[in-house]
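# starting from these lines, generate the structure:
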Amino acid sequence: MKTVLCYGDSNTWGADPAGPTRFALDVRWPGVMRRALGPDYWVIEEGLNGRTTVWDDPIEGYKNGKEQLIPCLETHRPLDLAIIMLGTNDLKLRFSVPAYDIANGAGVLVDMVQKSAAGSDGGAPQILLLAPPPLATLTGFADMFEGAPAKALKFAAQYARVAQEKGCHFFDTGTVIVSSDLDGIHFEAGEHAKLGRAVAERVKTILG
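Purely as a prediction, here's the structure:
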């Protein structure tokens, strides 16, 4: 059985853009992917609301993806593949970092996985880096994410650059999904379904 880790933020956790609730397990994109992959794959969800790539959040706290990654890898090893989709929360005005540095922050996480012994053979698992999609029209998050939509438009190119530099697999989620107009940031159920199926195809290519 192949083991796949999904390391992300509220869009991996399954936040519903229509309200404070969470989509059901089989609606969230890792759940859709699990079903599409079939019984030969075990998919582990590690989504945390507000998680950043490498930044300490001075307001919410405990959101730094760099600090949590190694314990997560050690908890779930051996892993065949680690999927990383982070960076949307780095767009918050409080961090004031460009898309270039956000992608580099994701690259730091790639480095950590590549240097780990969390793979099935005592080496490192393979890595699939996902570029988050562009933002939609911001509503309730407009002040928190001031200036973010323009930065998010650069994610695909910057994350592709990092994946090429690090020698890991890459997928631009913006080619298959859009963020919801309900809040501008999260994915609606139909987009989770599209993403889960698309990533499942990439996983089969990588591990099959």
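# name the helices or strands packed onto the longest helix along the chain?
When secondary structure is assigned using DSSP state H, the longest helix within the chain turns out to be helix 189-207. In this structure, helix 189-207 packs against strand 2-8, helix 29-37, strand 81-85, strand 126-131, strand 169-172, with contacts taken as 3 or more Cβ pairs under 8 Å, 6 or more residues apart in numbering; DSSP states H and E. For every residue, glycine as well, the C-beta is placed using N, CA and C.
# ok, and what's touching the third one?
Going back to what we said before, that points to strand 81-85. 2-9, 11-12, 73, 106, 109-110, 113, 118, 125-130, 132, 173, 199, 203, 206-207 (Cβ atoms under 8 Å, 6 or more residues apart in numbering).
# measure the residue nearest the centre of the chain to V199 for me?
The centroid of the chain falls nearest to M85 when counting by Cα atoms, centre = their mean (1.4 Å). M85 is 9 Å from V199, where distance means Cβ to Cβ, to the nearest Å.
# can you list residues touching both of the two?
In contact with both M85 and V199: L130, using Cβ under 8 Å, 6+ apart.
# doesn't E45 fall inside a helix?
No - the assignment for E45 is strand, going by DSSP: H, G, I helix; E, B strand; the rest coil, so no helix is present there.
# spit out the contact partners of it.
6, 12-13, 28, 30-31.
# neighbour count and distance to D143 for those - can I get that in CSV?
As requested, the contacts of E45 are exported to CSV (neighbours: other Cβ atoms under 10 Å; distance: Cβ to Cβ, whole Å):
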residue, neighbour count, distance to D143
C6, 26, 30
T12, 26, 24
W13, 20, 23
R28, 26, 28
P30, 27, 30
G31, 20, 32
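# now render the residues you listed as JSON lines, adding pLDDT.
Formatted as JSON lines, these follow (pLDDT from 0 to 100):
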{"residue": "C6", "pLDDT": "99"}
{"residue": "T12", "pLDDT": "98"}
{"residue": "W13", "pLDDT": "98"}
{"residue": "R28", "pLDDT": "98"}
{"residue": "P30", "pLDDT": "98"}
{"residue": "G31", "pLDDT": "98"}
